[in-house]
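Q: 3D model of this:
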Amino acid sequence: MPVLMITGTGTEVGKTVTTAAVAAAALAAGRSVAVLKAAQTGVGPHERGDAAEAARLAGPVTATELARFPEPLAPGTAARRARMAPVHPQDVADRAAKLAAEHDLVLVEGAGGVLVRFDAAGGTLADAAVLLGAPVLVVAPAGLGTLNATELTARELRRRDLELTGVVIGSWPDRPDLAARCNVADLPEVAAAPLLGALPAGAGALAPADFRAAAPGWLAPPLDGTWDAEAFRIREAA
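A: Residues are numbered from 1 along each chain as shown. Model prediction:
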């Protein structure tokens, strides 16, 4: 799995912190890691972007982004409004392939959901994944409304013959409500893919050393972690 695409069911679901956790667990397992942000929006020229934030939390990874647009919009819209050249799926695929030749694992973080448009032709992260033949990890929220968005994302990936590696809950609340507790069992069913982790709410606010030490415990073995989905389900359903 030299390249893993990381997408969300929408915005603000914990993609960047999940990307950092996957990177930290891989580093702890002795693998070299690169983090590629396909298109960074809503960040100024001298502000820290998502790839740099993932590196801050995870440790010594190669962090890079293809383009940066000032307004917090879909990349295609942000590029058009800024009168800047957009990112195309082939650009993402080419950069990821180059990084894969130099690293054991390349994590490509998208913007929002898998069908958010990068360019005027409607190119998406899903198109880049098809070009690479890369698997996709979906980050989903814990609570009410996540099942529909997760199933729609999973269906679109399979429609394109893309491998859905699994689902990670991007922010698990300290006091989960009934919907969140039920979703632990329902998410893998609607996605037809395993639940591969759950990050605690506020994980991104941890000191980097604490984040790196804890990250493997939030992720299942396919992501270089020790997290047990069944034990988590039993504990949280209690």
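Q: residues near residue 20, how many?
A: Close neighbours of residue 20, defined as other CB atoms under 10 Å, add up to 31. The C-beta positions use only the backbone N, C-alpha and C, and glycine is treated the same way.
Q: Does it touch residue 208 like I think?
A: No. Using CB atoms under 8 Å, residue 20 is not in contact with residue 208; the gap is 9.2 Å.
Q: anything in contact with each of these two?
A: Common contacts of residue 20 and residue 208 (CB atoms under 8 Å, 6 or more residues apart in numbering): 56, 57, 58.
Q: any chance of these in JSON lines, with secondary structure, distance to residue 218 and neighbour count too?
A: JSON lines is the format used below for those (DSSP: H, G, I helix; E, B strand; the rest coil; distance: CB to CB, whole Å; neighbours: other CB atoms under 10 Å):
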{"residue": "56", "secondary structure": "helix", "distance to residue 218": "17", "neighbour count": "15"}
{"residue": "57", "secondary structure": "helix", "distance to residue 218": "12", "neighbour count": "25"}
{"residue": "58", "secondary structure": "helix", "distance to residue 218": "12", "neighbour count": "27"}
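Q: what ranges of this structure fall below the confidence cut-off?
A: 1, 238 (pLDDT under 70).
Q: Next, give phi and psi for residue 136.
A: phi -130, psi 130 (degrees, to the nearest 10).
Q: Report the separation between it and residue 13.
A: Here the criterion is CB to CB, to the nearest Å. By it, residue 136 lies 14 Å from residue 13.
Q: next one: residue 166
A: Taking CB to CB, one finds residue 166 at 15 Å from residue 13.
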